[in-house]
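Q: I would like to see how this sequence folds:
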Amino acid sequence: MANRVLILGGRGRIGSSVALDLVNHTQAQITITGKQDEPGWINPLPGDRTHFLQLDLANHHKLEQAIAQSELVIHCAGPFHYRDGTVLKFCIEHGVNYLDVSDSAEFTRKILKFNRLAADAGVTAVINSGIFPGISNSMVRQGVEQFDQPEQIHLSYVVSGSGGAGLTVMRTTFLGLLHPFSAWIEGQWQSVKPYSDRQLLQLPPPYGNVHVYWFEMPETFTLAESFPVKTVVTKFGSVPDYYNHLTWIAAHVFPKSWIRNPVGTEFLARVSYQMTNVTDRFSGIGVGIRSEVIGQKNGEQKQFVSTLVHDNTAISAGYGTGSIAQLLLSGQLRKPGVWPVENVLPTDLFEQTMQSRGVEIHQNWEPTTNSI
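A: Modelled structure (predicted):
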């Protein structure tokens, strides 16, 4: 009998990419959900493998019924800033494995508190999957494993235009500008302003020189807790560069009340989305990741750099989540509890699933920069 997978938010850009990856790499029967049954919507996936279920996550009775009928639940219904642990709670109660694409540090802290309950129930829950966080975390783990003593992690992301994602990602970006956050720097937690400390870095073509800024992601603290390092830097930037300047203005000039108000967040997200619909035509919708790990190897300080470039951010996010779902369904990945990707996915399995999807990660040793 084929595995039954429930994808919450499965009609969104990320959710539909996850569904497509599962169709291509598993034999699962997939139920995709949406809050509304949109007239005229046509399922782009094979009808014998997928079907649609109208489901509002606020309807806990219907949500629990759908979860109880599944072997794996994949939570793609963001923005996760507004979510709690209800979905995972139902998964634990019914012994159903859980996977999400969460990118909110606040949500991650909430969900990690379910670790003991999930472990006792034999439920493997993997959080923060996708491209960043997700594949990026595994790139860091690859780097950390090269060292006798890792000391610093520098993780940077660049997205072209909309990245092929929808309004949810736009909303998430603006919500991430609301508050200063804590970063692990030189062995202590220090307050950092979002979208500050502009930094130039280099990525493979078609990016070249790009600029990134401090940005809070779940891996800002999960990497610091997962690996014995003194510093973890997480930065984000956009292409074209003028989007960086607009985001900087939103972070440092706009009254925070504008963003805190859901109406204001929605306005900014929709304006940004309309702009990227125009610029995507020449900027593309890809993603670039650069992971740097600095540490001691054979008595010397060295720097290991890995980079990844993909021409569609949403599709690559589908690879990251879909590959973990594939491993959970096949039984190759099992670790009861609640875990960020870098704590649960072995490097050998990560490399196998990326190779099967044609994802190339370039790795090399570079002169140590030792800069935050």
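Q: CA only for contacts and neighbour counts going forward, please
A: Will do.
Q: helices or strands next to the longest helix anywhere in the chain in the packing?
A: The longest helix of the chain (DSSP state H) is helix 262-283. Packing partners of helix 262-283 (3 or more CA pairs under 8 Å, 6 or more residues apart in numbering; DSSP states H and E): helix 167-175, helix 256-260.
Q: what mean pLDDT does the first one have?
A: Think helix 167-175. Averaging pLDDT along helix 167-175 yields 75.
Q: Show residues contacting that helix.
A: By CA atoms under 8 Å, 6 or more residues apart in numbering, the list of residues contacting helix 167-175 from outside reads 78-81, 104, 162, 250, 259-260, 265-266, 268-270, 272-273.
Q: Can you flag the buried ones in those?
A: Buried by 16 or more other CA atoms under 10 Å: 78-81, 104, 162, 250, 259, 265-266, 268-270, 272-273, out of the contacts of helix 167-175.
Q: ok so, going back, next secondary structure after the longest helix of the chain?
A: Sequence-wise, the next helix or strand downstream of helix 262-283 (DSSP states H and E) is strand 287-297.
Q: Only the buried residues of that next one, if you could.
A: Neighbour counts over strand 287-297 (16+ other CA under 10 Å) mark 287-295 as buried.
Q: Okay, now the unreliable bits of the protein?
A: 1-2, 37-43, 165-167, 169, 369-372 (pLDDT under 70).
Q: Which residue lies nearest the spatial centre of it?
A: Nearest to the mean C-alpha position of the chain, by CA atoms, centre = their mean, lies residue 133 at 3.2 Å.
Q: contacting residues around it?
A: Residues counted as contacts of residue 133 (CA under 8 Å, 6+ apart) are 103, 217-219.
Q: Where does it sit: helix, strand or coil?
A: Here residue 133 is recorded as helix under DSSP: H, G, I helix; E, B strand; the rest coil.
Q: what's the spacing between it and residue 260?
A: 24 Å (CA to CA, to the nearest Å).
Q: Would you map the helices across the stretch 201-350 of the chain?
A: Along the stretch 201-350 of the chain, counting by DSSP state H, counting those that start in this stretch, helices occupy 219-226, 242-252, 256-260, 262-283, 313-330, 341-344, 347-356.
Q: For residue 213, find the nearest of the ones you listed.
A: helix 242-252 (8.5 Å; CA to CA).
Q: Need the residues that contact that closest one.
A: 174, 177-178, 194-196, 237-238.
Q: So how do I select the buried members of these in PyMOL?
A: A single PyMOL command selects the buried members of those (16+ other CA under 10 Å):
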select buried, resi 174+177+178+194+195+237+238
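Q: now for the contacts of helix 242-252, which pair is the farthest apart?
A: The two members of these with the most space between them (CA to CA) are 178 and 238, at 18.3 Å.
Q: need the contacts of helix 242-252 in CSV with distance to residue 88, can you?
A: Formatted as CSV, those follow (distance: CA to CA, whole Å):
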residue, distance to residue 88
174, 26
177, 27
178, 26
194, 29
195, 31
196, 34
237, 31
238, 32
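Q: State the phi and psi torsions of the residue of the chain most remote from its centre.
A: Within the chain, residue 299 marks the point farthest from the mean C-alpha position, 34.6 Å out by CA atoms, centre = their mean. Per-residue torsions, residue 299: phi 80, psi 10 (degrees, to the nearest 10).
Q: and the gap between it and residue 151?
A: Distance of residue 299 to residue 151, computed by CA to CA: 13 Å.
Q: just residue 227 next, same as before
A: Distance, residue 227 to residue 151, by CA to CA: 9 Å.
Q: Which of these two has more residues huddled nearby?
A: Using other CA atoms under 10 Å as the criterion, residue 227 and residue 151 rank with residue 151 on top: 23 against 20.
Q: tell me the secondary structure for the more buried one?
A: Under the three-state scheme (three-state DSSP), residue 151 adopts strand.
Q: so how far is residue 191 from it?
A: Remark: distance between residue 151 and residue 191 (CA to CA) = 20 Å.
Q: and what of residue 316?
A: Distance, residue 316 to residue 191, using CA to CA: 31 Å.
Q: Those two: which has the busier surroundings?
A: Neighbour count, other CA under 10 Å: between residue 316 and residue 191, residue 316 has more, with 25 against 13.
Q: Just give the nearest non-adjacent residue to that one, would you?
A: residue 131 (6.0 Å; CA to CA, 6 or more residues apart in numbering).
Q: same thing with residue 93?
A: Spatial nearest neighbour of residue 93, excluding adjacent residues (CA to CA, 6+ apart): residue 121 at 7.6 Å.
Q: List the residues that contact the one you found.
A: So residue 121 contacts 92-93, 95, 336 (CA under 8 Å, 6+ apart).
Q: Compare the residues you listed and tell me which has the most neighbours.
A: residue 92 (24 neighbours).
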